[in-house]
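Peer 1: Below is the sequence, then the predicted model.
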Amino acid sequence: MLAELQALEKIIERGGRHLEVHTVRQVELATGACLPVMSIAIGNPSLDVPAVGFFGGVHGLERIGTEVVLAYLQSLVMRLQWDTTLHQQLERVRMVFMPVVNPGGMWAGTRANLRGVDLMRNAPVDAVDRVPPGIGGQRVSARLPWYRGRLGDAMETESLALCEVVETELLARPFSLALDCHSGFGARDRLWFPYAHTRKPIAHLAEIHALQEIYLQAYSNHPYVIEPQSTQYLAHGDLWDHLYLLACSELPAHTFLPLTLEMGSWLWIKKNPRQLFSRNGIFNPLISHRQQRVLRRHLSLLDFLSRAACSHARWMPTPEQRARHRAQALAAWY
């Protein structure tokens, strides 16, 4: 059993009746054993309330993303024992967690799943602008990185599990946020919003800018570069582009804002250069106190997003304010 799944089971046991736990899919290993792709929900199940989702482990090598999501879920479970304010918040919001989206890749120590498919290149979305060779997604071979899968194949089991949870728990509600936690070889922590398949701005650019505005007001000393993913690179098959486009086309009256946290692993490597010789070390802090520091560093962001979803009616731009927010966003990001 994966250590991360064992940690999740302990959290679920502590959470007891407060948590709704579902095994969305099973991933079969070469040994014949199966690993679950699980979702955990807490809070008001009514489709009338807003929702926020936290996702990790989409890339099996990036274990720190899973650990950030687990740390926040554990914090909530322990606070349920005494925190009246949290109980009141959970009456007005739905919170959903998928900490280990790609258990097979995590078990094998690979970015891709056990079939060699990169889940973040697996959605049926083709870039309309030019993508960088390789990293933008390829269909040549599963032996090469960033493999999208064969043209015409259904999405992978893990991708379908994530999409099912997002469609059921997030898109079905009038307002929802999502945060997908990753790590990459960068010098800064970055918060990305769609698109990855084009440099065009998203329809909800004003809402993203308004969300950034209240975040800057509350956390003026934050460590993040907030930007569209297209600022860094374009890619085929991005799951969040796929889900955002789905929400816009099928539920245009709803607002869905997906974000990606890309933790910059150079922040850990520069203090311990020997990590460069470890595939795991390129994407994760290997020294205990640095891992703990990373977990502390990001918990306030996850808590902010939970509160922002719960209180979205207080900060979402009105029709009169949208033009200002959009103009400011275009000037800052495009």
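Peer 2: Arrived safely.

Peer 1: Please identify the helix or strand for Gln88.
Peer 2: Under the assignment given by DSSP states H and E, the secondary-structure element containing Gln88 is helix 84-90.

Peer 1: List every C-alpha atom in whichever helix or strand comes after that helix, with coordinates, as CSV.
Peer 2: The helix or strand immediately downstream of helix 84-90 is strand 94-98, counting by DSSP H and E. The C-alpha trace of strand 94-98 is given here as CSV (Å, rounded to 0.1, in the frame of the first residue of the first chain):
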residue,chain,number,x,y,z
ARG,A,94,-19.0,21.8,-0.2
MET,A,95,-15.3,20.7,-0.1
VAL,A,96,-14.0,17.8,-2.2
PHE,A,97,-10.6,16.2,-2.1
MET,A,98,-8.8,13.8,-4.5
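
Peer 1: Just the mean pLDDT for the next helix or strand after strand 94-98, thanks.
Peer 2: Per DSSP H and E, the first helix or strand lying C-terminal to strand 94-98 is helix 103-108. Averaging pLDDT along helix 103-108 yields 97.

Peer 1: Likewise for stretch 116-132?
Peer 2: If you average the per-residue pLDDT over stretch 116-132, you get 96.

Peer 1: Endpoint to endpoint, that stretch covers what distance?
Peer 2: Its first and final residues considered, stretch 116-132 spans 20 Å by CA to CA, to the nearest Å.

Peer 1: Touching that stretch from outside, list them.
Peer 2: Outside of stretch 116-132, the residues within contact range by CB atoms under 8 Å, 6 or more residues apart in numbering are 58-59, 101-102, 111-113, 136-137, 142-143, 145-149, 155-156, 158-159, 162, 196-199, 230, 233-239, 241-243, 245. Just so you know, the C-beta spots here come from the backbone N, C-alpha and C atoms, and that holds for glycine as well.

Peer 1: Buried residues of the helix holding Gln88, list them for me.
Peer 2: Of the residues in helix 84-90, those with enough neighbours to count as buried (16 or more other CB atoms under 10 Å) are Leu86, Gln89, Leu90.

Peer 1: and if you look at stretch 269-281?
Peer 2: Buried positions in stretch 269-281, judged by neighbour count with 16+ other CB under 10 Å: Ile269, Gln275, Gly281.

Peer 1: what ranges do the helices span in the stretch 101-250 of the chain?
Peer 2: Using DSSP state H, counting those that start in this stretch, the helices assigned to the stretch 101-250 of the chain run over residues 103-108, 157-165, 205-218, 239-250.

Peer 1: Would you mind giving these as a markdown table with mean neighbour count and distance to Leu2 added?
Peer 2: Putting the helices of the stretch 101-250 of the chain into a markdown table (neighbours: other CB atoms under 10 Å; distance: least, CB to CB, whole Å) gives the following:
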| stretch | mean neighbour count | distance to Leu2 |
| --- | --- | --- |
| helix 103-108 | 24 | 6 |
| helix 157-165 | 22 | 14 |
| helix 205-218 | 19 | 33 |
| helix 239-250 | 20 | 22 |
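
Peer 1: wait, which of the ones you listed is closest to Ser306?
Peer 2: Proximity of these to Ser306 was assessed by CB to CB; the nearest stretch is helix 205-218, lying at 12.7 Å.
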